[in-house]
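S.K.: prediction below, plus the sequence it came from.
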Amino acid sequence: MTAAEFRSQLAHFTGSETFTRHSLSRSLLMTEGVVFLASAAGAYWLTDAIASYQHTDRVLSEHFQVWHLMADLETRSATLTMKDGNSAAAMITQAVEYTDFPLNDISLWLVRDDQHWVLMLPSEY
């Protein structure tokens, strides 16, 4: 599947009727689009990375998080960043030495309600 075809499939996800609990955190739920992304792109590592930061006070205080993966398709490396949605400065930056992620970039939003965190594609907000 080409990157354009993959983006086209992701664009079909608007809202979510079902949520899947993340295996690393009972309070982290993933939308249908994120589950599709993780499965189709072999990117469970991406959702794991985001979940792994949710225990730090600095990250937990942000009820709206924007996670952005920038991948270099030639070197197969990437950078994962987290911003609070209001500022341009990254609060978290993680280098990914190797990835076979099929897109050069993607953003995921993590939004907190009263009891849960919901990880979603921006189109599912």
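M.R.: Now that the structure is in, tell me what you want to look at.

S.K.: ranges for the strands of the chain?
M.R.: 20-22, 25-30, 64-72, 77-83, 92-96, 105-112, 117-120 (DSSP state E).

S.K.: turn these into CSV, including distance to residue 4, mean pLDDT and mean neighbour count.
M.R.: Where C-beta positions appear, they are placed from N, C-alpha and C, glycine not excepted. CSV is the format used below for the strands of the chain (distance: least, Cβ to Cβ, whole Å; pLDDT from 0 to 100; neighbours: other Cβ atoms under 10 Å):
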stretch, distance to residue 4, mean pLDDT, mean neighbour count
strand 20-22, 27, 94, 17
strand 25-30, 24, 90, 18
strand 64-72, 15, 96, 17
strand 77-83, 19, 97, 18
strand 92-96, 23, 96, 13
strand 105-112, 14, 96, 18
strand 117-120, 22, 96, 22
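
S.K.: adding distance to residue 45, write those out as JSON lines.
M.R.: Listed next are the strands of the chain as JSON lines, based on distance: least, Cβ to Cβ, whole Å:
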{"stretch": "strand 20-22", "distance to residue 45": "12"}
{"stretch": "strand 25-30", "distance to residue 45": "14"}
{"stretch": "strand 64-72", "distance to residue 45": "10"}
{"stretch": "strand 77-83", "distance to residue 45": "10"}
{"stretch": "strand 92-96", "distance to residue 45": "8"}
{"stretch": "strand 105-112", "distance to residue 45": "13"}
{"stretch": "strand 117-120", "distance to residue 45": "14"}
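
S.K.: can you say which of those is nearest to residue 37?
M.R.: In terms of Cβ to Cβ, the element of the strands of the chain nearest to residue 37 is strand 105-112, at 7.4 Å.
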